[in-house]
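1. Kindly generate the corresponding structure for this input.
(2 chains)
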Amino acid sequence: DTEVTQTPKHLVMGMTNKKSLKCEQHMGHRAMYWYKQKAKKPPELMFVYSYEKLSINESVPSRFSPECPNSSLLNLHLHALQPEDSALYLCASSQDTGGRKFYGYTFGSGTRLTVV
Amino acid sequence: GDSVTQMEGPVTLSEEAFLTINCTYTATGYPSLFWYVQYPGEGLQLLLKATKADDKGSNKGFEATYRKETTSFHLEKGSVQVSDSAVYFCALSVATDSWGKLQFGAGTQVVVTP
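-> Below you'll find the model as predicted:
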């Protein structure tokens, strides 16, 4: 299995809703990432988990809450979002670099989120 | 800091034309370089990569050579198809102890017409 699977593919939520995005990989990768991508822009890093521990939070508002229940799963819990949070949310994974060369990510196909 | 600059789009081509997308970078150390492609409505796919100077990455008819002397990693394809219409992102890597971060360029939209 060489894929990163994200669900749901599309999500529409109101500003008072609570929802979760899910990401799963079975490649044995020990680093997992959440990215946010606005239309016609490059992805922006939100969170990094390494060995199931949060390594990086790129100053993301607390209405986004990541969770890594095990080495294969990554969730992003959403609460009280704003319309400007509408975007494509991408999950990615990568092998442990071991402090050496980094060989890139495997991305999921993303969840297209619309906040109304 | 590390950065990637790539040519602005959209780039519009006819089928079977030659494609070049310029990418230059600024980095400390010796990063790995990548091209990712994003088809409409999809996530990003790794197209090719190069991990050291003079390496050539290739995939699906696309090629790019890691040029340290010109700090460039230009993407080329000899004969494009309509199915190559997508956004192409050049990126460089920053590796830490256990995970890596990609610094992306702004992306170049390519439109191939029949």
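2. For whichever residue of chain A sits closest to chain B, give its distance to A:R112.
-> Residue nearest to chain B within chain A (Cβ to the nearest Cβ): A:F102, separated by 3.1 Å. From N, CA and C alone the C-beta is placed, and that goes for glycine too. Noted for A:F102: a distance of 28 Å to A:R112, by Cβ to Cβ, to the nearest Å.
3. Compare those two and say which is more crowded by neighbours.
-> Neighbour count, other Cβ atoms under 10 Å in any protein chain shown: between A:F102 and A:R112, A:F102 has more, with 26 against 16.
4. I'd assumed B:Q103 was in contact with the more buried one.
-> No: A:F102 is not in contact with B:Q103 according to Cβ atoms under 8 Å; the separation is 11.2 Å.
5. Common neighbours of the two, please.
-> Among the neighbours of A:F102, those also in contact with B:Q103 (Cβ atoms under 8 Å, 6 or more residues apart in numbering or on different chains) are B:93-94.
6. can you give me the strands for chain B?
-> B:3-6, B:11-14, B:19-21, B:23-26, B:33-38, B:44-50, B:56-59, B:62-65, B:75-77, B:86-95, B:100-104, B:108-113 (DSSP state E).
7. Could you report the pLDDT at the residue sitting nearest the centre point of chain A?
-> Per Cα atoms, centre = their mean, the C-alpha nearest to the average position across chain A is that of A:W34, at 2.6 Å. pLDDT for A:W34: 97.
8. swap in B:V94?
-> Here, the pLDDT recorded for B:V94 equals 73.
9. Name the residues linked to it by a beta bridge.
-> B:K101 (DSSP bridges).
10. Pick out the residue closest to the middle of chain B.
-> Centre-nearest of chain B using Cα atoms, centre = their mean is B:W35, 3.1 Å out.
11. residue contacts, it?
-> Residues in contact with B:W35, defined by Cβ under 8 Å, 6+ apart, are B:23, B:46-49, B:57, B:62, B:64, B:73, B:75, B:88-91.
12. Same check on A:L81?
-> By Cβ under 8 Å, 6+ apart, the contact list for A:L81 reads A:13, A:15, A:17, A:63, A:113, A:115.
13. Select only the buried ones of the residues you listed in ChimeraX?
-> To isolate the buried ones among those in ChimeraX, judged by 16 or more other Cβ atoms under 10 Å in any protein chain shown, type:
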select /A:13,113,115
